[in-house]
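Enquirer: Predicted model and sequence below, questions to follow.
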Amino acid sequence: MNKKSILSSILGLFILGLTISLASATITFSNIPELSPYNNSFTFTMSSTNNETVSLQITDITQDGKTITFEEKIFTIIANTPTTVTMNYNVNDFNFVLGETYSTLLVANGTISPQISTAIQFEEVNYCELIENKGELEVVIGDVTITNGFGDEEDYWYLFDEIEVEVGVDNDGSWDIQNVEIEWALYTTDGTKITDGNEKDFDLDEGDDDTLTFTFTIDEDIEEFENEEAVLYVKATGKIDDSQSQYDGDETCHSDSLQVDVNADDDFVILRNFEMNGNPIEKTTLETPSLSCNEEITITADLWNIGNNDQEDVTVYIYNKNLGISQDLEVGDIDAFKDDEISYTFSLPENLEDGWYNINLAVYDEDNDVFENSEDDLSEFQIAFKVEGCKETSVTPGITAELISDAKVGRELQIKTVITNPGETMVIYFLNVKGYSGWADSAELSETEITLQPGEFKEVTITFNTNKNSEGEQIFSLEILEDNQVVATQPIGVSIEKTRFKVIDFIKENWKLAGIILLNLILVIAIIIVAVRVYRK
C-alpha cells in the first residue's frame, strides 16, 4: 500500500470518527419549574455533550385576544458543563382563569445537536391571587348539604341543586385581623365561571375562629357542565390590625377549594319553579292563604332536561285521588339543557275536609317510564296546599253548670252540667275534664260520650275527690270535642270550705243522745267524788 492510500485511509477514519462524534452530541434540560402567573421569569439548567451554540424559543400563549409573550435567547454551551438559563416572559395583560391549565412548548436548536423540546406549564392560579397570607388566616370548606335537589353532599351534584356550604375561618396568627370577608366562586373544571358571591365582613382576633354558611343554586349556564365538573373556591381576606406587627395594615388571604362531580350525562328531566295561581311554591309548600271549594286553581312549573341527550315524547302525569285529578300532560320533545313549561287548571270539589292536600307529579319518557337518574332517583314531585271552609263548621254547644253537693275540703264534690246541641244536625260529643289536679285527686264523669239530636240537651255529673289543699276558690275546665276537634272549653269555678266539727250543731241535731251522754257524765263525776271521800276516811 503506497503512502497516498495510507493517508487516504487515515483521513477517512478521522472524518468517520468526527461524524460519529458530532452525531452523538445531545442537549438536555433539567430543573424546569412550573411558571408563576405572578412573576415574569423562570430559571432552569441545560447541558450538551459538545461545545456548541444553542437557540431557545417558547411558543406564545393567546386567549381571548391577550397573549403571554416569551423572549428568544441564543448562547454558547461548554461541553458537559451545566449552564443556568433565565428566560423572561410577560403576563401583565393576560387574564388567568381559575381552574384552567396553561402550558406551552420550550424548543432548543443546537449547532451540533438535533432539536429537542419539552412541555412547560404554569402553576395553578391561586384564588387569593397576589395577596400573601401574612396574617396566617385559615379558611376551610366544611359540611356541604343539598337542601333541595338530587345531589349528595360532596359526592356528586345535579343541575338545579340548592347547595348549602359551611365555611370555617381561623386566625392562626399572632395579630388581630379586621374586616375579614368571605368570597366564593363556582367554576367548571375547564375554567368557566358560573356564579360567585360574598358574605358580610367581621373582625377576627388572634386565636379566634368563626363559622358561617352560604347557599347557591346551580341554575346558571348549565350547559357549561357538559363533560365538566364543578370547582368551588372560597377565600377569606382581611387586614392585619396590630401596631406591633411589621405587617400592620397589610392585606392577608387564604383560600380553599372543593371539586365535585356534576351528573349532567344522565337521561333526566325534572320539574322546578312550581307556582299555584301565580304564587311561588317554595320547597313544595304553599306560603299563601288557604284555598276553598269550587275555587279554580292553575298549577305551572318549568320542565328542564338536565341531561346532555335530547329527549322525545316527554309526558307529565299529575294526580290526586281525593281531588279527582288524573291527567297526562303531553310535552313532546325537549333538547339537552333546555326547558319548557307545563300548566294545569282544575277546580276544587265541594265538601272537602279541611286540611292539607298533596298533588303528585311524575315525568315520563318516550317508553312510558318515569325518568330515573344514575343514583336511582325518580323524577317525581309533590306540591301541597291547604283547604279551609268547605264543610259547615261545628256549632258551639251550650254549657251550664251547678253545684249539687257540699263543697268541703277532703270531701266528695259533685257538679251537674247541662250540655245542649243548638245546631240543626245530630252531633256526638266527647267530654273531658282538665285543670283540677292541684285541688282534687280524681274527677269522674257520669258520661264521656253523648249523642244529641238538634235542640236536645243532656245532664252529665262530674264527681271530684277533693284533697287537703282544696280550700278556697278553685277552677277546672270542661272540654267538649267533635271529630277529634275541640269545639268548646268551659271554665267552671267552685268555692271549697274548710271542714269543721261544731258541738252546738251536733247537740241541736242529736239532743236526746246529748242528754243521755250528759246524764252519764254527771253520774261518773258523782261516783268519783263518793269514792274519794270513802278513801280519805
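Expert: Sure, I can see it. Fair warning: this is a prediction, and the values are worked out from it, not measured in the lab. Numbers count the residues shown, from 1 in each chain.
Enquirer: list the helices and strands the helix or strand where residue 233 lies packs on?
Expert: In the assignment (DSSP states H and E), residue 233 maps to strand 230-240. When contacts are defined as 3 or more Cβ pairs under 8 Å, 6 or more residues apart in numbering; DSSP states H and E, strand 230-240 packs onto strand 137-148, strand 162-171, strand 177-188, strand 251-262. (C-beta placed from N, C-alpha, C; glycine too.)
Enquirer: out of these, nearest to residue 320?
Expert: strand 137-148 (22.1 Å; Cβ to Cβ).
Enquirer: How far does whichever helix or strand comes after that closest one sit from its chain's centre?
Expert: Once the chain leaves strand 137-148, the next helix or strand it forms, by DSSP H and E, is strand 156-157. Computed by Cα atoms, centre = their mean, to the nearest Å, the chain-centroid distance of strand 156-157 equals 14 Å.
Enquirer: What mean pLDDT does strand 156-157 get?
Expert: Mean pLDDT, strand 156-157: 94.
Enquirer: Low-confidence bits of the stretch 401-537 of the chain, can you list those?
Expert: Across the stretch 401-537 of the chain, the ranges flagged by pLDDT under 70 are 500-515, 532, 534-537.
Enquirer: Can you identify each of the strands in it by residue range?
Expert: Counting by DSSP state E, counting those that start in this stretch, the stretch 401-537 of the chain has these strands, from start to end: 412-420, 427-434, 440-445, 449-452, 457-466, 472-482, 485-496.
Enquirer: With only the CA atoms kept, save the fifth one in CSV.
Expert: C-alpha atoms of strand 457-466 as CSV (Å, rounded to 0.1, in the frame of the first residue of the first chain):
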residue,chain,number,x,y,z
PHE,A,457,-129.8,18.5,75.9
LYS,A,458,-128.3,16.1,78.4
GLU,A,459,-127.2,16.3,82.1
VAL,A,460,-123.7,15.0,83.0
THR,A,461,-122.5,14.8,86.6
ILE,A,462,-118.8,15.4,87.4
THR,A,463,-117.6,13.9,90.8
PHE,A,464,-114.4,15.2,92.4
ASN,A,465,-112.4,13.7,95.3
THR,A,466,-111.1,16.9,96.8
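Enquirer: Strand 412-420 and that strand, what's the angle between them?
Expert: 160 degrees (axes from the mean of the first three to the mean of the last three Cα atoms, to 10 degrees).
Enquirer: what sits up against strand 457-466?
Expert: 398, 404, 407-421, 431, 433, 436, 439-447, 450, 452, 478, 496 (Cβ atoms under 8 Å, 6 or more residues apart in numbering).
Enquirer: rerun that using 7 Å as the cut-off
Expert: 409-420, 431, 433, 436, 439-447, 450, 452, 496 (Cβ atoms under 7 Å, 6 or more residues apart in numbering).
Enquirer: At the geometric centre of this structure, which residue sits there?
Expert: residue 147 (3.7 Å; Cα atoms, centre = their mean).
Enquirer: Can you tell me how far that one is from residue 60?
Expert: 46 Å (Cβ to Cβ, to the nearest Å).
Enquirer: Buried only: go through the contacts of strand 457-466 for me.
Expert: Taking 16 or more other Cβ atoms under 10 Å as the criterion, what is buried in those is 409, 413-415, 417, 419, 431, 433, 436, 439-440, 443, 445, 450, 452, 496.
Enquirer: From those, pick the one nearest residue 238.
Expert: Closest to residue 238, out of all of these and judged by Cβ to Cβ, is residue 436, at 63.0 Å.
Enquirer: The residue nearest to the closest one when sequence neighbours are not counted pairs with what?
Expert: Excluding the flanking residues, the one nearest residue 436 by Cβ to Cβ, 6 or more residues apart in numbering is residue 476, at 4.2 Å. Applying DSSP bridges to residue 476 gives these bridge partners: residue 492.
Enquirer: The residue nearest to residue 209 when sequence neighbours are not counted pairs with what?
Expert: Using Cβ to Cβ, 6+ apart and skipping residues adjacent in sequence, the residue nearest residue 209 is residue 170, 4.4 Å away. Counting by DSSP bridges, residue 170 is bridged to residue 138, residue 209.
Enquirer: On the pLDDT front, check residue 382 for me.
Expert: pLDDT, residue 382: 91.
Enquirer: scratch that, residue 12 is what I was asking about
Expert: So residue 12 comes in at 49 (pLDDT).
Enquirer: Repeat that for the one 4 residues further on.
Expert: What the model reports as pLDDT for residue 16 is 42.
Enquirer: ok, now residue 8?
Expert: The model's pLDDT for residue 8 equals 48.
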